[in-house]
Structure formats: C-alpha cells, structure tokens
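Asks: Sequence first, then the predicted structure:
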Amino acid sequence: MQIESMDFKQITILSMLFFSFSIYSISDHLLFPFFWAIVQMQNSSSIQDNHFENALEFNYKRWLKKENVIKNDNGFIHIPFAAGPRNCIGQHMALMEAKIIIALILRNYKIIINPQVSQIKYGVKFLQCVEPDNCLVFQKRI
C-alpha cells in the first residue's frame, strides 16, 4: 500500500520549480521564453497507462504480483526515492517509519469511510490531501 500511495499521489506537490530569467534552451528542441515556470512532475510516468495497467486507479494489490508490473520499463519509471549515488539516504528509515505508523494506526483504530460524505477528491493545500477533511472516521478499537 505504501508503494502505491507514493506512486499514485505523492505527498509533495512538486520537487523542483525553475523560473527562466532569460530565454532558456535545453538542446535544440526545447526553448523556454522569459520567466516561464518549469516544474518537475515526479509521478508523471507513474500515472500513464503505457507503463501501468489502469494507472489512474488506486490498486495496492498490483505490487503483490511476483512478475514485473511495470510495462515498458526503462529503469526510471518507478523511483520514489530517486536513484544513483545521490538517492535518498533516508529511504529505508522512511519506509520503516511509515510501516510502524500504519501498523499502530490499524492496530488501534478501525478506519471507515464517513457515510455522510458523498464525494471524496484529492485536493492541494501545501501538501496533497483528501477532501473533505472528515471523509474518514477513526473508531477506537477495544
């Protein structure tokens, strides 16, 4: 479930924002006019059907398959913590923390969808989130 969450809807909106303060060129094909915003969209390859079956559908079970679930994999389709010598040094600790937090929440609470909420959607505040805020109900387990 963790991997699917990180792939489908990452918590950060963007990781790189660049403004061109002059005419900026990347090779001969890409030319950015003065003061254009260039944004790196981390999950763009993760939400394309040519890489994942039903890519826009949240399906945590897709990662339980033993065979490769990524179609047309070039090695850079699914890299939630980056890759190479400068990848995230805290990725193992972050995954362990997330597993512990999820286990503690599930052990102590039963999570149900609020029956009074008719539509749940993804929103953007400072981080990506679900809206409305009361779409889930946490019932204390006894």
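Replies: Looks like it came in fine.
Asks: Next SSE downstream of the lengthiest helix in the chain?
Replies: Secondary structure of the chain per DSSP state H: the longest helix is helix 91-108. Following helix 91-108 in sequence order, the next helix or strand is strand 109-113 (DSSP states H and E).
Asks: and that next one, what does it pack onto?
Replies: For strand 109-113, the packing partners by 3 or more C-beta pairs under 8 Å, 6 or more residues apart in numbering; DSSP states H and E come out as strand 136-140. Every residue, glycine included, has its C-beta placed from N, CA and C.
Asks: Give me the distance from the strand it packs on to the chain's centre.
Replies: 24 Å (C-alpha atoms, centre = their mean, to the nearest Å).
Asks: List the strands paired with that strand, with their directions.
Replies: Strand pairing for strand 136-140, using DSSP bridges, gives strand 109-113 (antiparallel).
Asks: May I have the longest helix of the chain as CSV, with CA atoms only?
Replies: Extracted in CSV, the C-alpha atoms of helix 91-108 (Å, rounded to 0.1, in the frame of the first residue of the first chain):
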residue,chain,number,x,y,z
GLN,A,91,14.6,5.8,2.3
HIS,A,92,14.9,2.7,4.4
MET,A,93,14.2,4.6,7.6
ALA,A,94,11.3,6.4,6.0
LEU,A,95,9.7,3.2,4.8
MET,A,96,10.2,1.6,8.2
GLU,A,97,8.7,4.6,10.0
ALA,A,98,5.7,4.5,7.6
LYS,A,99,5.2,0.8,8.2
ILE,A,100,5.3,1.3,12.0
ILE,A,101,2.9,4.2,11.9
ILE,A,102,0.4,2.4,9.6
ALA,A,103,0.6,-0.7,11.9
LEU,A,104,0.0,1.3,15.0
ILE,A,105,-3.0,3.1,13.5
LEU,A,106,-4.5,-0.1,12.2
ARG,A,107,-4.0,-1.8,15.5
ASN,A,108,-5.7,0.9,17.5
